[in-house]
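1. Build me a model from this:
(2 chains)
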Amino acid sequence: MSATPVVQREITDEAIAAERIELARSWAQARGVIGFLSEVDHKRIGLRFIITALAFFALGGVLAALMRIQLSVPENAFLGPDLYNQIFTMHGTTMMFLFAVPVFEGLGLYFVPLMVGARTIALPRLAAFGYWMFLFGGVFLYVSFVLNIGPDNGWFSYVPLAGPEFGPGKRADTWAQLITFTEVASLVGAIVIIVTIFKYRRPGMTLDRMPIFPWAELVTNFMIIFAMPAVMLASTALILDRLVGTHFFNQAQGGDPILYQHLFWFFGHPEVYLIFLPAQGLMSTLIQTFSGRPIVGYAALVTSLVATAFMGFGLWVHHMFAAGLPEIGASFFTAASMMIAIPSGVQIFCWIATLWSGKVRFEVPLLYALGYFAIFIIGGMTGLMVASVPLDLQVHDTYFVVAHLHYVLIGGAVFPLFGALHYWFPKFTGRMPGHRLGMIGFWLMFAGFNLTFFPMHQLGLDGMPRRVYTYLPGLGWETLNLAATAGAVAMVLAVVSIVINVIVSMRSGEVAAANPWDASTLEWSTSSPPPPYNFHPATVVASRDPLWEDPPDQPIIDGIRTDRREVLVTRLLDAEPDHRYHSPLPNVWPFMTALFVSIMLIASMYTPWAVVWGSIPPTITLIAWFWPRRKEVDDETHPVEKARPRLDEATGPA
Amino acid sequence: MIQSVLESAGIQAARVESEWWTIFWITTIVTVIVLAVLGIALKRGAARTDATTSHDAHLHRYIAFATVLTVVILFGILVRSIVTTRALASERVTDVMQIEVTAYQWWWSVEYQHPEPEQRVRTANELRLPVGRTVAIKLLASDVIHSFWVPSLSGKLDAIPGHEAVLWLRADKAGVYRGQCAEYCGFQHAHMAFVVVAEPPDQFERWIQAQRKTAEQPQTELAQRGLHIVQRSACVMCHTIRGTAAGGRMGPDLTHFASRSTIAAGTLPRTPEHVNNWLADPQAIKPGNRMPTLALSDADRAALVAYLEQLR
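-> Numbers count the residues shown, from 1 in each chain, chains lettered A, B, ... in the order given. Have a look, this model is predicted:
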């Protein structure tokens, strides 16, 4: 660092204003139809992920409402078995693959760069490609559903039911290919977020100063990279069994249906934590802001996230206790499943301690975070019950587990998510969310949720299995099912009131300042909504809570060109400046590549030759995507020696 | 009919029920305490005029304490779980009655084992058990994965093609218990139930002796006509009625059809009216099931019902 020439310059308000105009030109978001398809702005891609995922959430919710109508009375003729089985499969597949994972991917793409103080994400075209794959996959699934080739074997698609012999038609193929779509989208998203966190953090933001939400995203995206290949293997082997007659899972030819279950759950259990961990990050964010003090136990919280991620890979067999596994092995997975309660407990204790010593403000986002406590703790407790082999053998595949998983996933992830969407609403839109309607939405949601799912615990203990399209009268299940359906109505009303609140607030909400909640993290240091270049000028970070604790005279980062898309790449651990880099310009080829890859994937359901011939167009578009353009060649990466960015006052936190 | 985890009628289910209540109370108390502390924290936090970081060292100590307590409680729950597992294992005695249950889409074939093949008894969708005797149920699947579950008697166990699983259970109270397939197995997963009748040993012995006999010969003219219809129609392709020409194995054994209490795998009580409706249009009652619609006149169907209803 000593070799770096230090050039001092006067930074005046006029200079900053001029640079902002130039930055706005350099980072201008694309326009028109081609521009729309070419977009690489991380906020727009992130928002597209979030909005698309929420649209799928709404569709999944409609399917859930249909199921609740069907089950409100015994032997209801509203939906037949064929439609019901498709609907519960679509509901699970939608919520897991098209809502929960992408929505947190979207929040990561939007907020990770803002929270680590970067101009943009790393690899923005890859992120755009991921979005289009996700969108095409979701549309493909729903078009298939409408065309009556929607999957009907559950979101887990167990063989042999989904195998070639018992799953005729294209339904199971649709499921397996949807997995491929979401795989690709999640994996590229994971790479983008990890690289952004590792290399794009603002100088001064060492890893131990990084806010908890980016930590949660980092851990989650590493989990994606390790978990997703297992399900890719499972779904690929499944589709090979179905389309080209391999025998991976055919017990008559030496294959094994249990192998499928292992592969699926080796992904499927971490999947739960892919959804849960980012929400834990959101919880820490909300609790900190609305307690008005730095979070208690930062190190413990980060360690808990990492510990949960590791342990999350050691639990998958608890989904398979009923498959008759050796007892010693099963006990190991019981112990591991209980152990994972420890980091969750630590986080809850840290949050309670933060509230205990904070100045609590009961805004709508905090209410959602408090809803988490009431709901998730119950879900965690029932989790301990199903971790015990003997108890699990009683309640496995019953409504008890339906209750458990919704307490964990809605309480543990959807409530924090809704809290965060309220919290960041001013950042997205520049306007404050309405308080009254927000409160109504929360209370309807909270009451409706408990009315829907609490009775299901009892239903499961009363012997009601999952995934049944109807049930006989006289088994004592009528009242509780009717109550659950009433609760579902309240949840629908809750979502409607939230949507109304969003529309009203976007039109006539109070205009939001940069930091309306008085929060501490960097996304609140820029205007609401942020400009395309995110920050200017950017100050060096000096603490974990820069907006609360950094001194006002922090050095300003300078020397990054404003006349083109230049970003500062920093070092992994200490975020010391490393080199300047040109961020890619908008480009339509990621979209085209996604389009042709989608065509190949869908066509391969009908002929294996599609994999051969169908891979030619994406190859061409990939070449076009990476073809260097003169403008970009000029802007090649600048090595450190040639152009080290200057920090005003020449001080890094070194 | 009882189908409840919390109304156990056998040693296996009773052990799980007792574990359930232990863990239920532990987790309930923990939940109440945590939410109470949260409530106090919120009350304090809301009343405060300014956040404070001066007591953080204290808070860290409380967090550490709560974490240690969590570990201890979890260990307790783990031990309780292992105790149950071991107790259940100790119930796997060797002197057992052996029953083989094969799961089909969407019904259950039941075969009481016996060293002499002709003494074996085959029935469907209904198990009779002598009270107090441990039975080992060997589970097989003929097509896809199913799961055998009678909540009042025992936890569930999957029947997986190509794998063999054994479930031990002992009914300690006489009664009728309902069971149901618990692993999603396709179209009619919802209508794949069965009945377990636990009865005193002497009563069970009488039942199994009766089951060993071949089918009752029809006495009335109507029933004789029914047998004739069975033997000249598609029935024989799928169903067995021992002592007649019907020897198919695709569908439930009907030799003692009228000794059972339900039809269509627990879907309907076995009454002449329901049997008649079932024969008229099985797809209306249980869409997708493998029973074809028979083109029978009303009179023929009445004869068939009369025949089936006397197969005691």
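2. just the CA coordinates of stretch A:136-143, formatted as CSV?
-> Provided in CSV are the C-alpha atoms of stretch A:136-143 (Å, rounded to 0.1, in the frame of the first residue of the first chain):
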residue,chain,number,x,y,z
PHE,A,136,-39.3,-19.4,-17.6
GLY,A,137,-39.2,-22.4,-15.3
GLY,A,138,-42.2,-21.0,-13.3
VAL,A,139,-44.2,-20.2,-16.4
PHE,A,140,-43.3,-23.6,-17.8
LEU,A,141,-44.7,-25.2,-14.7
TYR,A,142,-48.0,-23.3,-14.7
VAL,A,143,-48.5,-23.7,-18.4
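3. outside of that stretch, which residues touch it?
-> A:52, A:56, A:59, A:90, A:93-94, A:97-98, A:150-151, A:174, A:177-178, A:180-182, A:185, A:594-595, A:598, A:602 (C-beta atoms under 8 Å, 6 or more residues apart in numbering or on different chains). In short, each C-beta sits where N, CA and C put it, glycine included.
4. center of chain B, which residue is that?
-> Geometric centre of chain B, nearest residue: residue B:179, 2.7 Å, by C-alpha atoms, centre = their mean.
5. is it in a bridge, and if so with what?
-> Here residue B:179 sits in beta bridges with residue B:194, as judged by DSSP bridges.
6. What about the closest residue to residue B:277 other than its chain neighbours, how many residues nearby?
-> Here the nearest residue to residue B:277 in space, its sequence neighbours aside, is residue B:285; by C-beta to C-beta, 6 or more residues apart in numbering or on different chains that works out to 6.7 Å. A count of nearby residues for residue B:285, using other C-beta atoms under 10 Å in any protein chain shown, gives 17.
7. what residues are up against residue B:285?
-> Counting by C-beta under 8 Å, 6+ apart, residue B:285 touches B:264, B:267, B:268, B:277, B:278.
8. Could you look up the SS state of the most centrally placed residue in chain A?
-> Residue closest to the mean C-alpha point of chain A, counted by C-alpha atoms, centre = their mean, is residue A:104 at 2.0 Å. When states are read from DSSP: H, G, I helix; E, B strand; the rest coil, the local structure at residue A:104 comes out as helix.
9. mind listing the strands for the stretch 101-250 of chain B?
-> Secondary structure of the stretch 101-250 of chain B by DSSP state E, counting those that start in this stretch: the strands cover B:107-112, B:121-124, B:126-130, B:134-141, B:146-148, B:157-159, B:165-170, B:175-180, B:193-199.
10. actually chain A, not the one I typed
-> If you assign secondary structure with DSSP state E, the strands in chain A sit at A:538-539, A:556-558, A:566-570, A:577-582, A:646-647.
11. Ok, which of the ones you listed comes nearest residue B:200?
-> Distances from residue B:200 to each of those were compared using C-beta to C-beta; the shortest belongs to strand A:566-570, at 79.9 Å.
12. Sheet-wise, list the partners of the closest one with their directions.
-> Applying DSSP bridges, strand A:566-570 is found paired with strand A:577-582 (antiparallel).
13. model confidence over the partner strand, on average?
-> Predicted confidence along strand A:577-582 averages 92 (mean pLDDT).
14. could you dump it to PDB, C-alpha only?
-> In PDB, the C-alpha atoms belonging to strand A:577-582 read as follows (Å, rounded to 0.1, in the frame of the first residue of the first chain):
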ATOM      1  CA  PRO A 577      -8.900  -2.000  -1.900                       C
ATOM      2  CA  ASP A 578      -7.600  -4.400  -4.500                       C
ATOM      3  CA  HIS A 579      -8.300  -3.200  -8.000                       C
ATOM      4  CA  ARG A 580     -10.800  -1.400 -10.100                       C
ATOM      5  CA  TYR A 581     -13.000  -3.400 -12.400                       C
ATOM      6  CA  HIS A 582     -15.400  -2.600 -15.200                       C
END
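15. chain center to it, what's the gap?
-> In this view, strand A:577-582 has its centroid 28 Å away from the chain centroid, taken as C-alpha atoms, centre = their mean, to the nearest Å.
16. ok, now stretch A:416-432?
-> Its chain's C-alpha centre lies 16 Å from the corresponding centre of stretch A:416-432 when counted by C-alpha atoms, centre = their mean.
17. again with stretch A:403-423
-> Once both centres are worked out by C-alpha atoms, centre = their mean, stretch A:403-423 turns out to sit 12 Å from its chain's centre.
18. For it, measure first residue to last.
-> Terminal residues of stretch A:403-423 lie 28 Å apart, using C-alpha to C-alpha, to the nearest Å.
19. can you tell me if that stretch touches chain B.
-> No. Using C-beta under 8 Å from any C-beta of the partner chain, stretch A:403-423 never reaches chain B; the gap is at least 11.4 Å.
20. wait, what's in contact with the closest residue to the residue nearest to the centre of chain A other than its chain neighbours?
-> Beyond its immediate neighbours in the sequence, the residue positioned closest to residue A:104 (C-beta to C-beta, 6+ apart) is residue A:278, lying 3.9 Å away. Residue A:278 is in contact with A:104, A:107, A:108, A:213, A:216, A:217, A:220, A:413, counting by C-beta under 8 Å, 6+ apart.
21. from the residues you listed, which single one is nearest residue A:587?
-> Nearest to residue A:587 among the contacts of residue A:278: residue A:108, at 21.7 Å, using C-beta to C-beta.
22. The closest one reaches residue A:191, doesn't it?
-> No. With contact defined as C-beta atoms under 8 Å, residue A:108 and residue A:191 do not form a contacting pair (11.7 Å).
23. Name the residue in the two with the higher neighbour count.
-> Comparing residue A:108 with residue A:191 by neighbour count (other C-beta under 10 Å), the higher total belongs to residue A:108, at 32 against 18.
24. Against residue A:116, how distant is the more buried one?
-> The spacing between residue A:108 and residue A:116, counted by C-beta to C-beta, to the nearest Å, is 11 Å.
25. picking that back up, what sits in contact with each of residue A:108 and residue A:191?
-> Between them, residue A:108 and residue A:191 share these contacting residues under C-beta under 8 Å, 6+ apart: residue A:221.
26. follow-up on the earlier one: reformat the contacts of residue A:278 as CSV; add pLDDT.
-> Listed next are these as CSV, based on pLDDT from 0 to 100:
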residue, pLDDT
A:104, 97
A:107, 98
A:108, 97
A:213, 98
A:216, 98
A:217, 98
A:220, 97
A:413, 96
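27. Show me the helices in the stretch 201-312 of chain B, by range?
-> Under the criterion DSSP state H, counting those that start in this stretch, the stretch 201-312 of chain B contains helices at B:201-212, B:221-232, B:235-238, B:272-280, B:282-285, B:298-309.
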